[in-house]
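[1] Structure of the sequence below:
(one chain, ligands or ions: 1)
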Amino acid sequence: MKIAKTIEEVRECIKEWRNEGLSIGLVPTMGYLHEGHQSLVKRACENDIVVVSIFVNPMQFGPQEDLSSYPRDLASDIRLCEENGVDLIFNPQSGEMYESDFCSYVDMSVLTEELCGLSRPEHFRGVCTVVSKLFNIVTPDRAYFGEKDAQQLAIIKRMVRDLNFNVEVIGCPIIREKDGLAKSSRNKYLNEEERKAALVLSESIQLGKKILEEGERDSAVLVKAMKDYIEAEPLVRIDYLKIVDSVSMHQVEKLESPVLVAMAVFVGKTRLIDNFIFSISENRSDSFYTSENRS
Ligand code: PAF
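    Purely as a prediction, here's the structure:
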């Protein structure tokens, strides 16, 4: 396994692999890898070559957010990549990705205005910009993203379509702890009490699924039931809990097409997200990876 710090090193490796006719899968990450990332890497092994980028992208953090405290453990990330058959880690410094006079951004309207985009206004601009750069540097055939960041996944798919990136974007299911909490690098911030309280996210999802499977189609009723459940836990504060169309990200009142039920919740100071997809026609909850989102 190679570890590249510079764009030039990555390009040299990619050139050699391309000359050999090998296919390339990219797993973009911010490091502090857990089983969620591991599942992306495993899926990426359907390519001849697997590249993992590890870069805590400053551009996607707001001024009051946790950039400086974001958990990092490069030694453990390297070990996990090695154990899972990664061929190349791209681990640049910030200056390698952003020159001091950097001024070109990938900005998206519409899809970024809902959900996380409301409380993190600059976030998706940072994500789209860095992911575009990674696509240009690594030129992967396929790129893998977790469905836990459902809005991010929908935005990246749309960006790839709109800007004609020659890459297939593949969403991979949410990986959960045994008790239901979605795996996240930010779970590390939770103390014992908060870790217990954080279970209201996945529990409210179970409740939401049950209500929908019993036939409820009014989103206000569903949102209220889920919010009431979460708000009964005093350590928790809801940032948003919304039901949106799973492709357009627009809020829906009546549930008619596949919907994304998405939430962001502060547990103490830690902001966690979770979601599920509900497919009306089949009256069943699904992962985010629906045919419409596959484009
Ligand atoms: O999902 C993440 O970890 C990040 O948003 C990503 C896609 C690696 C871009 O920095």
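[2] Let's verify V27: helix, strand, or coil?
    Secondary structure for V27, judged by DSSP: H, G, I helix; E, B strand; the rest coil, is strand.
[3] can you start the count at 283 instead of 1 from here on
    Right, with 283 as the first residue, what we last looked at is V309.
[4] From S335, how far out is it?
    Distance, V309 to S335, by CB to CB, to the nearest Å: 7 Å. The C-beta positions use only the backbone N, C-alpha and C, and glycine is treated the same way.
[5] now the residue of the stretch 333-482 of the chain found nearest the ligand, nearest residue through space, not along the chain?
    Closest approach between the stretch 333-482 of the chain and the ligand, counting by CB to the nearest ligand atom: N339, at 4.0 Å. In space, and not counting its chain neighbours, N339 is closest to V412: 4.4 Å by CB to CB, 6 or more residues apart in numbering.
[6] can I assume that neighbour sits in a strand?
    No - looking at V412 with three-state DSSP, it is helix, so not inside a strand.
[7] Would you agree G490 is in contact with N557?
    No - under the criterion of CB atoms under 8 Å, G490 is not in contact with N557, lying 10.0 Å apart.
[8] show me where pLDDT drops low in this structure?
    The chain contains residues with pLDDT under 70 at 568-577.
[9] Contact residues of it facing the ligand?
    Residues of the chain that fall close to the ligand, judged by CB under 6 Å from any ligand atom: 310-312, 339, 342, 409, 412-413, 431, 434.
[10] Could I have the PyMOL command that selects the buried members from these?
    Buried residues within the residues of the chain next to the ligand, by 16 or more other CB atoms under 10 Å, are selected in PyMOL with:
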select buried, resi 310+311+312+339+342+409+412+413+431+434
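[11] any idea which of the residues of the chain next to the ligand is the one closest to E495?
    Using CB to CB, D431 comes nearest to E495 of the residues of the chain next to the ligand, at 25.0 Å.
[12] Give the full set of residues in contact with the closest one.
    The contact partners of D431, taken as CB atoms under 8 Å, 6 or more residues apart in numbering, are I555.
[13] Please apply the same query to D389.
    By CB under 8 Å, 6+ apart, D389 lies in contact with 407, 410.
[14] Find the nearest non-adjacent residue to D355, please.
    Nearest residue to D355, sequence neighbours excluded (CB to CB, 6+ apart): Y314, at 5.7 Å.
[15] out of V309 and S335, which sits in the more crowded spot?
    V309 (29 against 26; other CB atoms under 10 Å).
[16] you'd agree that one is up against R424?
    No - contact criterion CB under 8 Å: V309 and R424 do not qualify, at 9.7 Å.
[17] what residues are shared contacts of those two?
    Residues touching both V309 and R424 (CB under 8 Å, 6+ apart): A326.
[18] Quick check: phi and psi at the nearest residue to R519 once chain neighbours are set aside.
    Counting by CB to CB, 6+ apart, R519 lies nearest to F548, which is 4.5 Å off, once chain neighbours are set aside. Note on F548: its backbone torsions stand at phi -90, psi 130 [degrees, to the nearest 10].
[19] Any idea what F548 is bridged to?
    In this entry, F548 is beta-bridged to R519, R553, by DSSP bridges.
[20] what about it, neighbour count?
    Neighbour tally, F548, other CB under 10 Å: 14.
[21] I figured Q434 hits F406, correct?
    Yes - between Q434 and F406 there is a contact at 7.3 Å, judged by CB under 8 Å.
[22] joint contacts of the two?
    Residues touching both Q434 and F406 by CB under 8 Å, 6+ apart: C398.
[23] V451 contacts I437, correct?
    No - contact criterion CB under 8 Å: V451 and I437 do not qualify, at 10.2 Å.
[24] Many thanks, have a good one.
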